[in-house]
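Student: Predicted model and sequence follow; I will ask about them next.
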Amino acid sequence: MTGSISVHHRGVDSDLEVVRRAQAGSADAFRELVRRHQAQVHAFLGRFIARLDVVEDLAQETFLKAYRHLRAYRGESSPRVWLLGIAKNEALMQLRSERSRRSREAASFDAALSGWLAERGEAGSVEDQERELRALEDCLRGLAPESAGMIDAFYYRGESAADLARRAGKREGAVRMTLLRIREALRQCVQSKVAAGRVPS
């Protein structure tokens with residue numbers, strides 16, 4: 001470990017000492033690093049990814065890559081920020097993969113949201129991404145009951161546009177257009193909240 005890591009307070013010193021021991025080859029030290037930060041990594045990934053099994057897989061991949069690239073860590077940021085940066089990259093790759101897989105459903109909320117988050121994530125910092133995702137969660141809570149029900153059924157319960165149309169007595173094309181309008185409304189809502197600084201903490 002080089003002398004580039006500066007120690008500012010006890011909490012940082014503790015984390016950095018664990019990293020130093022892991023870099024020196026201590027498996028126990030790396031397990032300690034995982035223990036300290038796995039909850040934060042899971043929570044952060046959960047802001048991007050809805051499925052818990054995918055979050056678990058991405059968290060494991062995050063720590064695996066951290067282990068592989070441990071010696072490249074030079075202390076320019078805290079271990080927590082370093083790990084969340086790796087987690088962010090894993091989430092973005094997953095979102096891009098999901099967007100590709102769902103390209104046949106180009107008008108769906110799921111595909112549009114995945115694409116939007118991936119595009120925004122490429123341009124923003126971890127802090128920017130967290131801010132936008134908190135705004136998105138707030139906007140989702142503010143949807144009208146009918147719109148919220150459609151999003152819940154299509155995005156979270158995996159029902160198809162055809163299923164929604166059949167239950168509502170509407171044409172499938174009309175349901176897809178409604179989902180597209182909801183997605184656009186959410187995009188505008190998030191942009192407005194972020195621009196105005198009205199993002200929940």
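Tutor: Cool, the structure landed. Numbers count the residues shown, from 1 in each chain.

Student: quick one, domains of this protein?
Tutor: Domain segmentation of the chain under automatic domain parsing yields 10-101, 104-201.

Student: Just give me the lowest mean pLDDT stretch among those.
Tutor: Mean pLDDT is lowest for domain 104-201 among the domains of the chain, at a mean of 75.

Student: Dihedrals phi and psi, Q40?
Tutor: Per-residue torsions, Q40: phi -70, psi -40 (degrees, to the nearest 10).

Student: Name the helix or strand for the closest residue in space to it that isn't next to it in sequence, please.
Tutor: Distances taken as CB to CB, 6 or more residues apart in numbering put R80 closest to Q40, at 6.4 Å, once the chain neighbours are dropped. For every residue, glycine as well, the C-beta is placed using N, CA and C. Element membership of R80, judged by DSSP states H and E, is helix 79-101.

Student: What segments of the protein are strands?
Tutor: In the chain, no segments count as strands under DSSP state E.

Student: Pretty sure A59 sits against Q38.
Tutor: Yes. Shown here, A59 and Q38 form a contact pair, counting by CB atoms under 8 Å, at 6.6 Å.

Student: Counting neighbours, go ahead and name the busier of these two.
Tutor: Between A59 and Q38, counting by other CB atoms under 10 Å, A59 is the more crowded of the two (24 against 15).

Student: For Q94, see how far away that one is.
Tutor: 12 Å (CB to CB, to the nearest Å).

Student: So which elements touch the helix of greatest length in the chain?
Tutor: Longest helix in the chain by number of residues (criterion: DSSP state H): helix 172-196. Helix 172-196 sits against helix 109-123, helix 126-141, helix 145-151, helix 161-168, with contacts defined as 3 or more CB pairs under 8 Å, 6 or more residues apart in numbering; DSSP states H and E.

Student: starting at the chain centroid, how far to it?
Tutor: On the basis of CA atoms, centre = their mean, to the nearest Å, helix 172-196 is displaced by 19 Å from the centre of the chain it belongs to.
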